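A.B. asks: Build the 3D model from these lines:
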Amino acid sequence: MSNTRKTDKKTTATERMHAARAQAERSGRMRRRVVVGAACAAVLALAAGVAFAVGGSSGSSSDAAANGPLVVPANATGNNGTVITYGKADAPHTLEVYEDFRCPFCEQLETTTGKTVQQLADNGTYKIEYHLATFLDKNLGGKGSRTALAAAGAALNEGVDKFKQFHDVLYANQPDERSDAFGDVNHLLDLAGQVPGLKTDAFVKAVQDGTYAPWAAKVNEEFDKSDVTGTPTVKLDGKKLDVLSSGKAASPEQFTAMIKQVTG
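C.D. replies: Sure, this is the predicted structure:
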């Protein structure tokens, strides 16, 4: 082989290396822009007063606890035990509620109209099916959504009423969504103390050990399979209700009117 051909091959290989390196650098810059863009979008969504858009899976599978054995809480319902049903099983209608424990607009809806939502379930108008997500952990960083959801699973294991009360306590004490306070199990246990009878030895151990972290990951996977694009989303018998308009939650009166419009 001539020296000229050897030089040509070396030059071609060098060019390929430079091209590959340039592509890697471009990809790295693009990934950084995507991450920064997602975080900025979340902040802009808050400022604009719109529902938080689902930004993909939470990445909870990277958590060591989420890779443990799957333990489904007692009282879980639905597909693979990933739904929490509150209310009378024979209720003629079904209200589907899609939420993330870190979502500030979910908190606004729950603290504004949550009592009315529960009262209509208690009187048998409908049963509530909770579909919970953890996507804000990916959008905003941290693990608060999935840690809170795992703790809610421990509450569900104690009883549906215990889950509902703990669910309400979490929203009543929701930190700024850019904070990761719900990622601290000790903080969650402190909040659990507000629910009478919830902090059994079994509950405390389950929260501390992350027993229901794999279940929380499964719950989020099922959420990701839905057609829901933002939280909160509320549907009655499959019909989406306008529970959030320009960042303002529907009032109890407005919500009741929506329900009557669908149920007659």
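A.B. asks: CA atoms for contacts and neighbours, from now on please.
C.D. replies: OK.
A.B. asks: which regions of the protein lie under the pLDDT threshold?
C.D. replies: 1-53, 55-66 (pLDDT under 70).
A.B. asks: Can you show me the strands along it?
C.D. replies: 52-53, 84-86, 94-100, 127-133, 230-231, 233-236, 239-241, 244-245, 248-249 (DSSP state E).
A.B. asks: Make JSON lines from the ones you listed and add distance to residue 200 and mean neighbour count to it.
C.D. replies: Shown next, in JSON lines, are the strands of the chain (distance: least, C-alpha to C-alpha, whole Å; neighbours: other C-alpha atoms under 10 Å):
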{"stretch": "strand 52-53", "distance to residue 200": "34", "mean neighbour count": "22"}
{"stretch": "strand 84-86", "distance to residue 200": "20", "mean neighbour count": "21"}
{"stretch": "strand 94-100", "distance to residue 200": "25", "mean neighbour count": "22"}
{"stretch": "strand 127-133", "distance to residue 200": "24", "mean neighbour count": "24"}
{"stretch": "strand 230-231", "distance to residue 200": "31", "mean neighbour count": "20"}
{"stretch": "strand 233-236", "distance to residue 200": "32", "mean neighbour count": "20"}
{"stretch": "strand 239-241", "distance to residue 200": "37", "mean neighbour count": "13"}
{"stretch": "strand 244-245", "distance to residue 200": "37", "mean neighbour count": "16"}
{"stretch": "strand 248-249", "distance to residue 200": "35", "mean neighbour count": "18"}
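A.B. asks: so which of the ones you listed comes closest to residue 159?
C.D. replies: Between residue 159 and those, the shortest gap by C-alpha to C-alpha is with strand 84-86, which sits at 10.3 Å.
A.B. asks: Residue 236 is in contact with residue 262, isn't it?
C.D. replies: Yes. Using C-alpha atoms under 8 Å, residue 236 makes contact with residue 262 at a distance of 7.5 Å.
A.B. asks: Specify the beta-bridge partners of the residue nearest the centre of the chain.
C.D. replies: Centroid-nearest residue in the chain: residue 133, 2.2 Å away (criterion: C-alpha atoms, centre = their mean). The partner list for residue 133 in beta bridges (DSSP bridges) reads residue 100.
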